[in-house]
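Make a model of this:
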Amino acid sequence: MSTETARPKRSRAATRERVLDGALAVFAERGFGRSTPEQICERAGFTRGAFYSNFGSMDEVFLALWQRQANALVERLRAAVDDVQVTAPAGTSVDRAFTATVVDGLSGLTADVSWHVLTAEFSAYAARRPEVAAVIVEHRAALRHALLPMIVRVLAAFGREPAVDEDTLGRSVVAVYDGAMSQAMIEPDDPTPRRLALELVAAIVWDRSRPVRGQ
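The predicted model follows:
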């Protein structure tokens, strides 16, 4: 690929990312339903042309933003799992040690409550639009698929393995996490709901696991 060909592609990708950054900021301030392409472009420092040369609609912007955030979450999870230190203080049961490991290792992932506010809003919006809902279902399935190896790895450190199929386990984790984080959306300054979200994730994973067969 020539330098001349590569440069416009890099520039287009950079423009797209700036538009998404602008969208994230505007959605967080105004909500998805009250935001416009003009507001997004103003925040990103572009004209309307930059918006429509990259996206065909506001739905498309949000779905692209959703995918970007999901990819970032998976990468952060991978890094967190890689750094997890399994500790079991004297007198601590194995299940409590597992919960402590999950909470300590993943505590940094619950800091941004604003994104959960947006996903709740957009999920309600998508519920009335099957074509948008179908895309979200696909994205969430991909996220569950990416999370499962990480769940398996942490369980293995405690001599356990999933006792249910991966779809059931993935859906259980996401449902519990989303439900607990709904409390954090209305209590953003209280760390308790965010900690509870991770404790419940640990509890559901432990409950749906078993000792590794043959050990």
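
Which secondary structure elements does the one helix or strand residue 152 maps to sit against?
Element membership for residue 152 (DSSP states H and E) is helix 130-157. Other helices and strands packing on helix 130-157, by 3 or more C-beta pairs under 8 Å, 6 or more residues apart in numbering; DSSP states H and E, are helix 58-83, helix 94-106, helix 113-126, strand 160-162, helix 166-186, helix 192-207. For glycine as for every other residue, the C-beta is placed from the backbone atoms N, C-alpha and C.

how about 7 Å then?
helix 58-83, helix 113-126, strand 160-162, helix 166-186 (3 or more C-beta pairs under 7 Å, 6 or more residues apart in numbering; DSSP states H and E).

Redo the ones you listed as JSON lines? Include mean pLDDT.
Listed next are the helices and strands packed on helix 130-157 as JSON lines, based on pLDDT from 0 to 100:
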{"stretch": "helix 58-83", "mean pLDDT": "84"}
{"stretch": "helix 113-126", "mean pLDDT": "86"}
{"stretch": "strand 160-162", "mean pLDDT": "93"}
{"stretch": "helix 166-186", "mean pLDDT": "87"}
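
in this structure, which helix or strand is least confident?
The weakest-scoring helix or strand in the chain, judged by mean pLDDT, DSSP states H and E, is helix 3-30 (a mean of 79).

CA atoms of the very next helix or strand once past it as CSV?
For helix 3-30, the following helix or strand on the C-terminal side (DSSP H and E) is helix 37-44. Extracted in CSV, the C-alpha atoms of helix 37-44 (Å, rounded to 0.1, in the frame of the first residue of the first chain):
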residue,chain,number,x,y,z
PRO,A,37,-25.8,15.1,14.6
GLU,A,38,-25.2,18.8,14.8
GLN,A,39,-24.4,18.6,18.5
ILE,A,40,-22.1,15.7,18.0
CYS,A,41,-20.2,17.4,15.2
GLU,A,42,-19.9,20.6,17.2
ARG,A,43,-18.4,18.6,20.1
ALA,A,44,-16.1,16.8,17.7
